[in-house]
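[1] can't give you the sequence, but here's the structure:
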């Protein structure tokens, strides 16, 4: 692979991971939930598997099929490392503060451990294999976010930007206090943010978005457990991207009805995001080639 931009088998050596795209209810939870389909829809990074449907263009494409409102593989298997009580691998409450399980139906500790073994560990084994794959040159941790911060996480419900890109760093992509490194050099993350931003800015949003600027760096999210557990240790560059659902769902709260995908907006977003990912990949390849030549 080189900056001549020729590739084998028409696939770029990129991995796309989708931890929050699923909507399925695990069979162990049937009949035990206090929330319904609409609540699961509003908690999910809904339709990101359509926006980031590059499975025929990249080396790895992995999607967790179950609803993140119920099992969240982008959280540590350690309650002591959680930022919010009840927001672990097995959830207690939604991001809007709703109790997830009916009284007496929340999994006990033994069942939680079995669920972690059954669902969480296989996901992280996949990511560890990607991080070890010498052919992978870039990993994209793909997400979406509500147009406004949900009440449990953001009482002010601030309007969010069209998107954000993250590397576990600060608002410029540089090292954050308390962290030994970022998952991608700041200059590359800044470039990625610019590429994502100018493309998303061409697509009309369905409700209000924060201005000025279409995307932000490490805000409102600077990375989750997948990035910390695998991207921090890998020699590959990893970046998280969040696309606001203002761009394809509109304004949401906990009671917004589930809706079919808005394919006109989703298709425009898919190609915009892919162009930005490609631009980042070729920049990384050019930087690697220059380093080898020096």
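    Alright, I've got the coordinates. As the structure is a prediction and not an experimental result, all values here were calculated from the model.
[2] Contact partners for residue 268?
    Contact analysis of residue 268 by Cβ atoms under 8 Å, 6 or more residues apart in numbering lists residue 203. Placement of C-beta: from N, CA and C, glycine included.
[3] What's the separation between it and residue 281?
    With the distance defined as Cβ to Cβ, to the nearest Å, residue 268 ends up 21 Å from residue 281.
[4] What is the burial count for residue 288?
    15 (other Cβ atoms under 10 Å).
[5] Tell me which helix or strand it sits in.
    According to DSSP states H and E, residue 288 maps onto helix 263-293.
[6] Ranking helices and strands of this structure by mean pLDDT, which lands last?
    strand 215-217 (a mean of 91; mean pLDDT, DSSP states H and E).
[7] neighbouring contacts of whichever helix or strand comes after that one?
    Downstream of strand 215-217, the first helix or strand assigned by DSSP H and E is helix 225-226. With contacts defined as Cβ under 8 Å, 6+ apart, helix 225-226 is touched by 17, 19, 73-76, 124, 127, 141.
[8] Helix, strand, or coil at the residue nearest to the spatial centre of the chain?
    Among the residues of the chain, the smallest C-alpha distance to the mean C-alpha position (Cα atoms, centre = their mean) belongs to residue 143, namely 2.8 Å. Per DSSP: H, G, I helix; E, B strand; the rest coil, the local secondary structure of residue 143 is strand.
[9] For it, give me its contacts.
    If you count contacts by Cβ under 8 Å, 6+ apart, then residue 143 has 19-20, 45, 48, 221, 240-243 around it.
[10] okay, among those residues, which ones form the most distant pair?
    Using Cβ to Cβ, the contacts of residue 143 reach their maximum pairwise distance at 19 and 243, which is 14.6 Å.
[11] More neighbours: which of those two?
    It is residue 243, of residue 19 and residue 243, that has more neighbours when counted by other Cβ under 10 Å, with 27 against 23.
[12] List the beta-bridge partners for the residue nearest to the centre of the chain.
    Following DSSP bridges, residue 143 is listed with bridge partners residue 242.
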